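J.: Make a model of this:
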Amino acid sequence: MMNPSVSSKKRVLIIDDDRTLTQMLAMIMQMRGYQVDIARTGQEALKTVATVRFDLILLDLILPDLDGLELCRCLKQEKATLHIPIIIVSARYLFEDKVEGLYLGADDYLTKPFENEELFARMEAVMRRRLFFDMDQSGRGKGIVILEIRKIIDQELIESFFQPIYLLKPFKLLGLEVLTRPSTRTALSNPELLFKAALQFGFYCDLEMLCWKKALKLVSGHPLSDAKIFLNCNPYMVEAQKFLKIKSVFDENRVDVQKVILEITERSAVANFKTFYERLRHLRNRGFGVAVDDVGGGYASLESIVETHPDVVKIDRHIISHLKRDPFRRSIVKFIVAFCKESHIISVAEGIETQQDLDTVMDLGVDAGQGYFLYRPTAQINLGDMAMGHSGKEANLR
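T.: Here you go, the predicted model:
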């Protein structure tokens, strides 16, 4: 008979060929009550997960035989292992690695070196979230998630927040980006999890449209003057058939589409590039503006910018971070700024968090900026206050 104290332990698989690190980590985790297995290669990991049930996998990206991202893909494609939470743990931080890992199904991304307490906190967080999404043989788990998503949509349990974007020379309000937070107290109160679940179960377009409607209803009561409204727009939304009726949403709320900028996010999710770009051109012809998000990081390639013909390019916050003391990042920003000026595109620096960040992007010729230093996201639209910059409280937003 199995010892109850052993069977109740959470079992973790560490996939990493660094013997010193894995042995030390295994020892610390065992002291915390975890049962730990170690696989030094991708193939060894695949053999191990085929015979042992794990509660969590810690996956290094650099392995002797398989690429860590490819291994993540394999684990999330197999029915026997797709339910296991995966935290990618890597010594390299490349934004595109993080984005691809999350899209392949990883639950979190942690950069080495890390504090042990942060690792344990993240481990427990992803395992708690997985409990919410796990589906038993009767499908009850799936039903709970679907019911919660439907409840959020039907009862419109969505809060809209707005973060100003400023032209820098002269300082002037360019527009407001709409951000979203669900007003629930379940695992789906995390915006990232909510949209991920909505996408998985076929509710993405309905949820995104609800976010737009809620925001536009608030916006319609304010004279925006020249200020634009930036709405996040995932490729799944653009490619959906119901997206063709999008203009009615703005007509109902009496918001002129000439004031709307569709901020294209997550271009890695484009399924049909021909349809995607054709519909974007159609929207531009009807008066909508287009912005490309996260340029310089992830999947915001120059090719996608050329095909999209955007009015606005938003430079990724990870490029702006530590810009002052990183000549490589400054070179990237200089290139983007030059490209934008030549193409008559407004460049926007995201993630401005300090006076130094602001001074540096202005010195590099960036047209506009957005970030906590300039103005934090807020549920209240106060154009007079927003025009001055600085204000608001931090919120968990999408």
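J.: would you list every one of the helices in the stretch 1-150 of the chain?
T.: Under the criterion DSSP state H, counting those that start in this stretch, the stretch 1-150 of the chain contains helices at 4-7, 19-31, 42-49, 68-77, 95-103, 116-133, 140-154.
J.: Could you dump the ones you listed into TSV with distance to Pro85 added?
T.: Backbone N, C-alpha and C define where each C-beta goes, glycine included. TSV is the format used below for those (distance: least, Cβ to Cβ, whole Å):
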stretch	distance to Pro85
helix 4-7	19
helix 19-31	15
helix 42-49	13
helix 68-77	11
helix 95-103	12
helix 116-133	4
helix 140-154	14
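J.: Of all the ones you listed, which one is nearest Phe243?
T.: Minimum separation from Phe243 across those (Cβ to Cβ) falls at helix 140-154, 16.7 Å.
J.: any idea which helix or strand comes after the closest one?
T.: strand 158-168 (DSSP states H and E).
J.: Now do the next helix or strand after that following strand against helix 140-154, angle only.
T.: Heading C-terminal from strand 158-168, the first helix or strand you meet, by DSSP H and E, is strand 171-182. When axes from the mean of the first three to the mean of the last three Cα atoms, to 10 degrees is applied, the directions of strand 171-182 and helix 140-154 differ by 140 degrees.
J.: Dump strand 171-182 to PDB, keeping only the CA atoms.
T.: The C-alpha coordinates for strand 171-182 follow below in PDB (Å, rounded to 0.1, in the frame of the first residue of the first chain):
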ATOM      1  CA  PHE A 171       3.700  67.800 -25.300                       C
ATOM      2  CA  LYS A 172       0.100  67.000 -26.200                       C
ATOM      3  CA  LEU A 173      -2.500  64.300 -25.700                       C
ATOM      4  CA  LEU A 174      -2.500  62.000 -28.800                       C
ATOM      5  CA  GLY A 175      -5.000  59.400 -27.600                       C
ATOM      6  CA  LEU A 176      -6.200  56.900 -25.000                       C
ATOM      7  CA  GLU A 177      -5.400  53.200 -25.100                       C
ATOM      8  CA  VAL A 178      -8.300  51.000 -23.800                       C
ATOM      9  CA  LEU A 179      -7.300  48.400 -21.300                       C
ATOM     10  CA  THR A 180      -9.500  45.700 -19.800                       C
ATOM     11  CA  ARG A 181      -9.900  43.900 -16.500                       C
ATOM     12  CA  PRO A 182     -12.700  41.400 -15.600                       C
END
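J.: Would you list the strands that it pairs with, along with their directions?
T.: Partner strands for strand 171-182, per DSSP bridges, with pairing direction: strand 158-168 (antiparallel), strand 228-233 (parallel).
J.: May I see the buried residues of the longest one?
T.: Just to be clear, that refers to strand 158-168. Buried residues in strand 158-168, counted by 16 or more other Cβ atoms under 10 Å: Ile158, Glu159, Ser160, Phe161, Phe162, Gln163, Pro164, Ile165, Tyr166, Leu168.
J.: Just the pLDDT at the third one, thanks.
T.: Put plainly, it is Ser160. Looking at Ser160, its pLDDT stands at 93.
J.: Tell me which helix or strand the closest residue to it other than its chain neighbours sits in.
T.: Nearest residue to Ser160, sequence neighbours excluded (Cβ to Cβ, 6 or more residues apart in numbering): Ala215, at 4.2 Å. Following DSSP H and E, one finds Ala215 within helix 204-219.
J.: chain center to that helix, what's the gap?
T.: 18 Å (Cα atoms, centre = their mean, to the nearest Å).
J.: List the buried residues of it.
T.: Buried residues in helix 204-219 (16+ other Cβ under 10 Å): 204-216, 218-219.
J.: Low-confidence stretches in the stretch 251-398 of the chain?
T.: Residue ranges of the stretch 251-398 of the chain with pLDDT under 70: 266-271, 297-303, 391-398.
J.: any idea how far Leu188 is from Thr265?
T.: 20 Å (Cβ to Cβ, to the nearest Å).
J.: Correct me if wrong: the residue nearest to Ser160 contacts Val178.
T.: Yes - applying Cβ atoms under 8 Å as the test, Ala215 and Val178 come out as touching, 4.3 Å apart.
J.: any residues in contact with both of these two?
T.: Ser160, Phe162, Ile229, Leu231 (Cβ atoms under 8 Å, 6 or more residues apart in numbering).
J.: just checking, Val12 touches Leu59?
T.: No - assessed by Cβ under 8 Å, Val12 is found out of contact with Leu59, at 11.1 Å.
J.: count of neighbours near Val260?
T.: 26 (other Cβ atoms under 10 Å).
J.: which stretch of helix or strand covers the residue nearest the centre of the chain?
T.: Most central in the chain under Cα atoms, centre = their mean is Glu192, positioned 6.6 Å from the mean C-alpha point. Taking DSSP H and E as the definition, one finds Glu192 inside helix 191-200.
J.: how big is the angle separating that helix from strand 171-182?
T.: Using the same axes, to 10 degrees: helix 191-200 against strand 171-182 is 60 degrees.
J.: Run the angle between helix 191-200 and helix 116-133 for me.
T.: 30 degrees.
J.: for helix 191-200, packing partners?
T.: Where contact means 3 or more Cβ pairs under 8 Å, 6 or more residues apart in numbering; DSSP states H and E, helix 191-200 is packed against helix 140-154, strand 171-182, helix 204-219.
J.: Take the ones you listed and write them to TSV, including mean pLDDT and distance to Ser347.
T.: TSV is the format used below for these (pLDDT from 0 to 100; distance: least, Cβ to Cβ, whole Å):
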stretch	mean pLDDT	distance to Ser347
helix 140-154	81	35
strand 171-182	93	11
helix 204-219	91	24
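J.: can you list the ones you listed in CSV and add distance to Ser90?
T.: Output for the helices and strands packed on helix 191-200, formatted as CSV (distance: least, Cβ to Cβ, whole Å):
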stretch, distance to Ser90
helix 140-154, 29
strand 171-182, 28
helix 204-219, 29
